[in-house]
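K.L.:
Next one to model:
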Amino acid sequence: VRADHPSLVNPADSFMAVTHTISRQPATTKQTHAILSSPFSAEKTKNAFASVPSQAYRHRIKRVKPTRRRVCFQDTTPALSSQESAETFLPDSFVLYSLVSRLLNSPTGGIPLHELHHQGADLGREKIPSLLFRLALPAILAQLINLLYNMVDRMYIGHIPDIGAAALTGVGVTMPLILCISAFAALVSMGGAPRASIMMGKGEPKEAERILGGCTAMLVLTALVLTAILQLFGRQLLLLFGASGNTIDYAWSYMRLYSLGTLFVQLSLGLNAFINAQGFARTGMLTVTIGAVSNIILDPIFIFALGMGVQGAALATVLAQGISCLWILRFLTGKQTTLRLQLRQVRLQRAVILPCLALGISPFIMQFTESILNVCFNTSLLQYGGDVAVGAMTILASVMQFCMMPLQGLTQGAQPIISFNYGAHRNDRVKQAFRYLLTVSLSYSALLWCVSMFAPQVFVAMFTSKAALFDKAVWALRIYMAGSLFFGIQIACQQTFVA
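P.N.:
Now for the predicted structure:
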């Protein structure tokens, strides 16, 4: 079977479109499902061909040899020598039996991802505005919910009787380390997930699954190394990052427990990107929601009911991340996923990992330098402004993180669309997706700038009611967010290049 003929380099978006080209009549869903059903018997496939209403081409196909899982066909038309001659003979049985042969031999159970309706979303055919909205909205909600992991901790910690302000400042000092952990997850996932989408667009699901397995192995290795470093040198790093004598005990109490759950954090953040990359935006949102709801329920139990204070907040976050991690692993090893995580694929392979790391270096640098920037802020503010200034910086960083989440959700929703169509050589859809992403991102950043300049109290009131800290944070927020108008342009351009 000449499945590698040049006329099939850039095939139609779906099997129904191909049957329409061949027969000049649209194939019904029933006819299409008849051809794609599994297992493929010779009689079933023969009957499926007979359902295509084209007497002129049906007679050119005859069965040669049936096997257990497929049927081989022989074409009686002349061999096609070039792309031009292929177009001359179309519509022809050549395309039909070649496509069906590829369906039967597909490693995903007979369905090439770039030729059929995507099981998560129709990334190759659906209108870009509606598709971007469908994928971005769950991603935005997931990002906002994900923010609750840290924000809920800080809200509860800030209201602990007697020690709330000092404990909040201490936990704020841990933010740079937490951002570093997230940056390493982005290094692997934000490079691996777009490459997996590109491979799906090219119709190479086996390679996409190799990428998923290799990135999983890299995430596990990274988590083990980070856990060891934080357990050994975490206290010293916190002092370096701006913790004072009054806040170091709170900071280390939180970080010591949080670092033990680094494996859960790496896997939940890293592997969820592969769920979104397949177009399962709602599943990705559900993954985050499960962890956030667990965290909200567990926080007051451990912090107040059991009297664990800051350590209770850290333990609740770790357990919530663990629950999310188990849910993700269950989905990626189940039957609903397009790309399945298989144990034999979970290994480090240079040819798989290095391209992913090269692609993920951009978001990694962005997040890692943000953590370094927070370190500079904390150390300088501790020297020149004291613990109140550090506490205000904690609020500013939390507001920034809160405001950036919708932009990150937008780019996460656009990434599968851009990557998939780039792999399928649909550059017109890539450009259209970028234009919509840029327009929506810039509109949001303009709205964010207006709120920050004219009503900063809305953000600050969520974190503290202490007068001195409140006034300092409101004054500083206007300065801190003055350049937020251009966030939309920056993140839309950067993430499109990565995708």
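
K.L.:
Who are the contact partners of V390?
P.N.:
Counting by Cβ atoms under 8 Å, 6 or more residues apart in numbering, V390 touches T169, G172, V173, G242, S244, T247, N378, L381, L382. (C-beta placed from N, C-alpha, C; glycine too.)

K.L.:
Going by distance to T394, which of these wins?
P.N.:
G172 (2.8 Å; Cβ to Cβ).

K.L.:
isn't the closest one right up against Q401?
P.N.:
No: using Cβ atoms under 8 Å, G172 makes no contact with Q401, being 11.5 Å away.

K.L.:
So which of the two has more stuff around it?
P.N.:
G172 (31 against 18; other Cβ atoms under 10 Å).

K.L.:
element containing that one?
P.N.:
According to DSSP states H and E, G172 maps onto helix 164-173.

K.L.:
For that helix, name the packing helices and strands.
P.N.:
Counting contacts by 3 or more Cβ pairs under 8 Å, 6 or more residues apart in numbering; DSSP states H and E, helix 164-173 is packed against helix 128-158, helix 248-260, helix 310-332, helix 386-423.

K.L.:
Quick check: the nearest residue to V288 once chain neighbours are set aside vs M405, distance?
P.N.:
Nearest residue to V288, sequence neighbours excluded (Cβ to Cβ, 6 or more residues apart in numbering): A142, at 4.1 Å. In this view, A142 and M405 are 9 Å apart by Cβ to Cβ, to the nearest Å.

K.L.:
which of those two has more neighbours?
P.N.:
A142 (27 against 19).

K.L.:
quick one, what contacts the more buried one?
P.N.:
Here A142 is in contact with N272, A281, G284, M285, T287, V288, T289, G409, Q412 (Cβ under 8 Å, 6+ apart).

K.L.:
residue ranges with poor pLDDT in this protein?
P.N.:
1-121, 146-151 (pLDDT under 70).

K.L.:
so which helix or strand takes in A223?
P.N.:
Using DSSP H and E, A223 sits within helix 205-240.

K.L.:
Measure how that helix sits relative to helix 386-423, angle-wise.
P.N.:
Interaxial angle, helix 205-240 versus helix 386-423 (axes from the mean of the first three to the mean of the last three Cα atoms, to 10 degrees): 170 degrees.

K.L.:
quick one: buried residues of helix 205-240?
P.N.:
By 16 or more other Cβ atoms under 10 Å, the buried positions in helix 205-240 come out as 205, 207-220, 222-223, 226-227, 230, 234-235, 237-239.

K.L.:
any chance of the contacts of V390 in JSON lines, with distance to L357 too?
P.N.:
Below are the contacts of V390 laid out as JSON lines (distance: Cβ to Cβ, whole Å):
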{"residue": "T169", "distance to L357": "35"}
{"residue": "G172", "distance to L357": "30"}
{"residue": "V173", "distance to L357": "29"}
{"residue": "G242", "distance to L357": "30"}
{"residue": "S244", "distance to L357": "37"}
{"residue": "T247", "distance to L357": "35"}
{"residue": "N378", "distance to L357": "29"}
{"residue": "L381", "distance to L357": "34"}
{"residue": "L382", "distance to L357": "35"}
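
K.L.:
that older thread, just the helices and strands packed on helix 164-173: most buried one?
P.N.:
Comparing the helices and strands packed on helix 164-173 by mean neighbour count (mean count of other Cβ atoms under 10 Å), helix 386-423 comes out on top with a mean of 24.
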